[in-house]
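K.L.:
Sequence and predicted structure, then a few things I'm wondering about:
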Amino acid sequence: MFTERIYNFSAGPSMLPEAVLAKAQSEMLNFGGSGTSVMEMSHRSGVYAEIFDETKALLKSLMEVPDSHEILFLQGGASLQFAMVPLNLIGKTGKADYAVTGNFSALAMKEAKHYGEIREAASSADENHTYIPAQDQLNLSGDAAYFHYCDNNTIYGTEWNYVPDTGAAPLVSDMSSNILSKPMDVSKYGLIYAGAQKNMAPAGLTVVILDKSLLGSEFPNTPTMLRYQTHVDADSMYNTPPTYNIYMLGLVLKWIKDRGGLTAMARYNEEKAGILYNYLDESALFEACARPAFRSNMNVTFVTGDKDLDAKFAKEAAAAGLSNLKGHRVVGGMRASIYNAMPMAGVAALVEFMKKFEQDNR
């Protein structure tokens, strides 16, 4: 049993900043002199309303969300958005374009097929999702109600290095695994959604950022709880929201702000990822899976080329306090998820362990 905190390389739920955990711990029994924990508060109370409003304002400020867009705090994870997106948006034309660059974009497209005519506008399956299709490889249909893509692919370790130009079709992006890792122009997107458990907060909260001009196209039989309009009208308070997770998101946002915001966060993430990729490119044992131009700064996938050796590495790493390095069951190998909260020291410790493992297993 470890007496100190380990380095958790899990793809999600993932590490939270230690400063955030310490702050939450200090306020666990009595938040701000209220005499109660945030976990126990009514979401309709004045004290909680201040937490909610501050968190929403912080997210709007850090991401520079324009007034044309609404921020929603929902539940159901990104997986529920696979259905909510087409239920609410596809009605304009009955058609949508999807780029398939990994497991979750494929699942999103599969779900959307229940609600309209879905076209595969691009795919990287021909090379095991080791790259991102270029702009000129996107086969846009011209009459799509929206274009959907997953900005960062946790399982395959790839990340889009550009924002697709889809003409009149609004951009819809699953940013579950790289939101808040870098600046982005929210005004270019019709809808952004993200499960919080990778870069934002504990599992259970889903953030949606929606261009309000897209409201009003939901199918008539769309359930009340699955209508974006319902949650816009109620400011995410139609039912009890994931209150504690929203509070935790607020603490994470303050932590990011104190570190210099998203521009500083991007520099830090690039430096962390660079250290690990530089070692992988020099290693005679380990090999990075994704093509260099499309490598994710959040999820670094790599292999030894020997499944037994991969398993040995993951087991020995876990024993050394470097946990959850086993790759996803779909692809095997290894995966180091180095989201915002992963400190530089964690990446350095991983590289040192990899060097020793390589030396011991030549």
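P.N.:
On my side now, so go ahead.
K.L.:
Please tell me how far G77 sits from N340.
P.N.:
Spatial separation of G77 from N340 under the definition C-beta to C-beta, to the nearest Å is 19 Å. For the C-beta atoms, the positions are set from N, CA and C on the backbone; glycine is no exception.
K.L.:
Looking at these two, which has the bigger crowd around it?
P.N.:
Per other C-beta atoms under 10 Å, whichever of G77 and N340 has more neighbours is N340, with 28 against 19.
K.L.:
and the residue lying closest to L180 once chain neighbours are set aside, what does it touch?
P.N.:
For L180, the nearest residue in space outside its immediate sequence neighbours is N199; the separation is 4.9 Å by C-beta to C-beta, 6 or more residues apart in numbering. Contact criterion C-beta atoms under 8 Å, 6 or more residues apart in numbering gives S14, S177, N178, I179, L180, S181, M298, Y339, N340, A341 as the residues in contact with N199.
K.L.:
What is the nearest of the residues you listed to L205?
P.N.:
L205 has its nearest neighbour among the contacts of N199 in I179, at 11.9 Å by C-beta to C-beta.
K.L.:
Give the residue spans of the protein that score low on pLDDT.
P.N.:
Per-residue confidence of the chain (counting by pLDDT under 70) places the weak regions at 1-2.
K.L.:
What are the structural domain limits within it?
P.N.:
With automatic domain parsing serving as the domain definition, the record reports that the chain contains domains spanning 22-258, 259-360.
K.L.:
My guess is V303 contacts K326. True?
P.N.:
No: taking contacts as C-beta atoms under 8 Å, V303 lies outside contact range of K326: 11.6 Å.
K.L.:
Overlap in contacts, the two.
P.N.:
Common contacts of V303 and K326 (C-beta under 8 Å, 6+ apart): D310, M334.
K.L.:
can you give me the helices in the stretch 51-200 of the chain?
P.N.:
Across the stretch 51-200 of the chain, reading from the start of the chain, the helices by DSSP state H, counting those that start in this stretch fall at 77-89, 103-112.
K.L.:
Tell me which of those helices sits nearest to K312.
P.N.:
Ranking the helices of the stretch 51-200 of the chain by distance to K312, with C-beta to C-beta as the measure, places helix 103-112 first at 25.4 Å.
K.L.:
And for the closest one, what's in contact with it?
P.N.:
When contacts are taken as C-beta under 8 Å, 6+ apart, the neighbours of helix 103-112 outside the stretch itself are 78-79, 81-83, 85-86, 90, 96, 98-100, 118, 120, 148-150, 153-156, 174, 176, 328, 330.
K.L.:
same thing with stretch 67-84?
P.N.:
Residues outside stretch 67-84 that contact it (C-beta under 8 Å, 6+ apart) are 52, 56, 59-60, 65, 104, 107-108, 111-112, 114-115, 174, 176, 186-187, 193-195, 203-213, 226, 228, 231-232, 236, 241-242, 246, 249.
K.L.:
circling back: deepest of the helices of the stretch 51-200 of the chain, which one?
P.N.:
Relative to the other members of the helices of the stretch 51-200 of the chain, helix 77-89 carries the highest mean neighbour count by mean count of other C-beta atoms under 10 Å, namely a mean of 23.
K.L.:
Could you tell me the angle between that one and helix 103-112?
P.N.:
For helix 77-89 against helix 103-112, the angle between stretch directions is 40 degrees (axes from the mean of the first three to the mean of the last three C-alpha atoms, to 10 degrees).
K.L.:
As a check, name the ranges of all strands in the stretch 1-150 of the chain.
P.N.:
Under the criterion DSSP state E, counting those that start in this stretch, the stretch 1-150 of the chain contains strands at 7-8, 69-74, 95-100, 117-123, 147-150.
K.L.:
could those go into a markdown table alongside mean neighbour count and distance to T263?
P.N.:
Formatted as a markdown table, the strands of the stretch 1-150 of the chain follow (neighbours: other C-beta atoms under 10 Å; distance: least, C-beta to C-beta, whole Å):
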| stretch | mean neighbour count | distance to T263 |
| --- | --- | --- |
| strand 7-8 | 21 | 25 |
| strand 69-74 | 21 | 20 |
| strand 95-100 | 24 | 27 |
| strand 117-123 | 19 | 29 |
| strand 147-150 | 28 | 24 |
